[in-house]
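[1] curious how this folds, go ahead:
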Amino acid sequence: MAEATLVKSSLQEDITLASALDGGDVVQCPSGRIGVLSGGNQTYATGDVVAADTVGQFDVASASATTFSAGDDVGWDNTNKLAVAGAGGDFDIGVAALAKASGTTVVRVILNEASTGD
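    Residues are numbered from 1 along each chain as shown. Purely as a prediction, here's the structure:
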């Protein structure tokens, strides 16, 4: 008999949805960590229990005019569903893995990573 059995990767956290959401949506998990709902093209209903990825690099929607340098703090505007610079969002989601120039509409984010404050 196995001494231990993996039930859920520590890279994911379950969340009970308060509203209908889609795979790929950004959420704040009960632990306070940020997650991206698993399931790609899947649509979830209110009350569904869904795994959210809490570790990794994700391309996250951002306004065309917003710019980031690698290592910058990235916040989340939960109303407009966009990554924003620094403390401009409703909550922090991580740091920019790469620079984002004006004119592009995604920023690559290392989820739940804290900036070094440089």
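
[2] in the strand or helix carrying D92, what counts as buried?
    If you go by DSSP states H and E, D92 is part of strand 91-96. Using 16 or more other Cβ atoms under 10 Å as the test for burial, strand 91-96 gives 92-96. Where C-beta positions appear, they are placed from N, C-alpha and C, glycine not excepted.

[3] can I get those in JSON lines with pLDDT and distance to F68?
    Converted to JSON lines, those look like this (pLDDT from 0 to 100; distance: Cβ to Cβ, whole Å):
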{"residue": "D92", "pLDDT": "93", "distance to F68": "13"}
{"residue": "I93", "pLDDT": "94", "distance to F68": "12"}
{"residue": "G94", "pLDDT": "95", "distance to F68": "11"}
{"residue": "V95", "pLDDT": "95", "distance to F68": "9"}
{"residue": "A96", "pLDDT": "95", "distance to F68": "4"}
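
[4] G71: which of those is nearest?
    Nearest to G71 out of the buried residues of strand 91-96 is V95 (Cβ to Cβ; 5.7 Å).

[5] for that closest one, what are its contacts?
    Contact criterion Cβ atoms under 8 Å, 6 or more residues apart in numbering gives 71-74, 109-110, 113-115 as the residues in contact with V95.

[6] ok, the buried residues of strand 91-96 vs Y44, which is closest?
    I93 (19.7 Å).

[7] that closest one is in contact with C29, isn't it?
    No. If you go by Cβ atoms under 8 Å, I93 and C29 don't touch, sitting 11.5 Å apart.

[8] now G88: phi and psi?
    Main-chain torsions, G88, degrees, to the nearest 10: phi -80, psi 0.

[9] alright, I will stop here.
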